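Enquirer: with the input below, show me the fold.
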Amino acid sequence: MWDLNQIQEAEISENVIELMTDKILDFPSESIEIMKVASCIGSQFDLETLSIASGINGDIAEGLLKKPLQEGLILLLPLKNQ
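Expert: Numbering: from 1, shown residues only. Predicted coordinates for the structure are as follows:
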């Protein structure tokens, strides 16, 4: 989750933005596409919802998120008690 006000008030240098953009552009195109779908879902998503929204099998979607996870661009959250 994020605080939009803090993000807007933060002074983020263009170098940081360029670094993040370059990092993302090095991902496979399929990973970029699934991250776009995930971003439309919101700041938190689960694989089932992502799979339905993207039309991609959950196991494949999980594999496509491996690189963004390794780079720390998305984070795994612990499952809530059901």
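
Enquirer: every contact and neighbour count from this point should use C-alpha atoms.
Expert: Will do.

Enquirer: C-terminal to the helix or strand of the chain with the lowest mean pLDDT, what's the next element?
Expert: Within the chain, no helix or strand scores below helix 4-9, which has a mean of 71 by mean pLDDT, DSSP states H and E. Next in sequence after helix 4-9, counting helices and strands by DSSP states H and E, comes helix 14-25.

Enquirer: for the protein, which segments count as helices?
Expert: Remark: helices assigned in the chain by DSSP state H are 4-9, 14-25, 29-41, 47-54, 58-64, 66-70.

Enquirer: and the shortest one, how far out from the chain middle?
Expert: Right, the one you point to is helix 66-70. 9 Å (C-alpha atoms, centre = their mean, to the nearest Å).

Enquirer: same question for the longest one.
Expert: Going by C-alpha atoms, centre = their mean, the spacing between the C-alpha centre of helix 29-41 and its chain's C-alpha centre is 7 Å.

Enquirer: what packs against it?
Expert: Helix 29-41 sits against helix 47-54, helix 58-64, with contacts defined as 3 or more C-alpha pairs under 8 Å, 6 or more residues apart in numbering; DSSP states H and E.

Enquirer: what's the answer for the fifth one, then?
Expert: If you count contacts as 3+ C-alpha pairs under 8 Å, 6+ apart, helix 58-64 packs onto helix 29-41, helix 47-54.

Enquirer: returning to that earlier point: residue 31 is nearest to which of the helices and strands packed on helix 29-41?
Expert: Of all the helices and strands packed on helix 29-41, helix 58-64 sits nearest to residue 31, with 4.8 Å by C-alpha to C-alpha.

Enquirer: residues near residue 35, how many?
Expert: 21 (other C-alpha atoms under 10 Å).

Enquirer: contacting residues for residue 57?
Expert: residue 51 (C-alpha atoms under 8 Å, 6 or more residues apart in numbering).

Enquirer: distance of it relative to residue 27?
Expert: 19 Å (C-alpha to C-alpha, to the nearest Å).

Enquirer: circling back: out of the helices and strands packed on helix 58-64, which comes closest to residue 63?
Expert: helix 29-41 (8.6 Å).
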